[in-house]
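Colleague: Build me a model from this:
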Amino acid sequence: MEYSYTAIILKKREIGETDRLYVLYTREAGKVSAVGRGVRKPSAKLAGQLETFNRGAVMVARSKGMGNITGAVSEWSGLALKGDADGLAMVFDAMKVFDRMVGGEERDAKLFDLVRDYLEAMELSIIEKKERTVRRILTQAFLFQVFARLGYRLETAVSLATGEPLRASERYGLSIAEGGLIEWEYAILKQGVIPIGNDAIKLLRLFFSQRLASLVKVRVNDAALAETQSGLDALTRWVAP
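Modeller: The predicted model follows:
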């Protein structure tokens, strides 16, 4: 049976003499693996439609187990992104985490849209020659939103130690084990708590509440961005080591 997917190419790997194994993230079926037979032959035309991070229609013939790709039409290729080594490296690192997080063939259309929006926002930031900080913000926000979508949203409104709303005058720490923020007087008694300031807390709230496209206008200091990155790194080690 042949299936038609709206797919983003997450990664590819050479197998055999002329084939490639592709991992697709699809709107219809979540993560799907399929083989492109003969795509490494000099005469093959399909390979150009299946470049990493391309988005488009992919047809897969399946009976049991892994299927074979029978056709593909790329609708978005992100040429500016692929021409920017720094931005592309950020995307590769983010997608490695994403690939570890999502299981096979678990449909989630909103998660598909999130991946699509991230790639498009990164592409636009390069076309518009935004500063590197914008791409760091987009990448952090994307991963925090992925974690939240998969059930690992951090609490940023109240203290998990006292249940009280956060106050700008109070010092807080981010505890991944607790799942959010706690007052520093409690945080120092626990292991692995990350000090976090008001600017970083505000940034976390934006990450969880705003669409990625709107975050290109956010201005943030390097210290706050470093603190949220530390939180993201700790969350990644906790959930997807």
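Colleague: For the nearest residue to L24 once chain neighbours are set aside, give me its contacts.
Modeller: Nearest residue to L24, sequence neighbours excluded (CB to CB, 6 or more residues apart in numbering): A7, at 4.1 Å. Placement of C-beta: from N, CA and C, glycine included. Taking CB atoms under 8 Å, 6 or more residues apart in numbering, we find A7 in contact with L24, Y25, T26, R27, V32, R55, G56, A57, V58.
Colleague: what's the neighbour count on the last one?
Modeller: When you say that, I think you mean V58. Residues lying near V58 (other CB atoms under 10 Å) number 28.
Colleague: what is it paired to in the beta sheet?
Modeller: On the basis of DSSP bridges, V58 is bridged to Y5, A72.
Colleague: Of all the residues in the worst-scoring helix or strand of the chain on mean pLDDT, which ones are buried?
Modeller: Within the chain, no helix or strand scores below helix 184-187, which has a mean of 92 by mean pLDDT, DSSP states H and E. The neighbour-count check on helix 184-187 (16 or more other CB atoms under 10 Å) flags W184, Y186, A187 as buried.
Colleague: Kindly indicate whether the nearest residue to the second one once chain neighbours are set aside is helix, strand or coil.
Modeller: Nearest in space to Y186, with sequence neighbours left out and distances taken as CB to CB, 6+ apart, is A161 at 4.2 Å. Here A161 takes the coil state, with states given by DSSP: H, G, I helix; E, B strand; the rest coil.
Colleague: of the contacts of A7, buried ones?
Modeller: By 16+ other CB under 10 Å, the contacts of A7 give L24, Y25, T26, R27, V32, R55, G56, V58 as buried.
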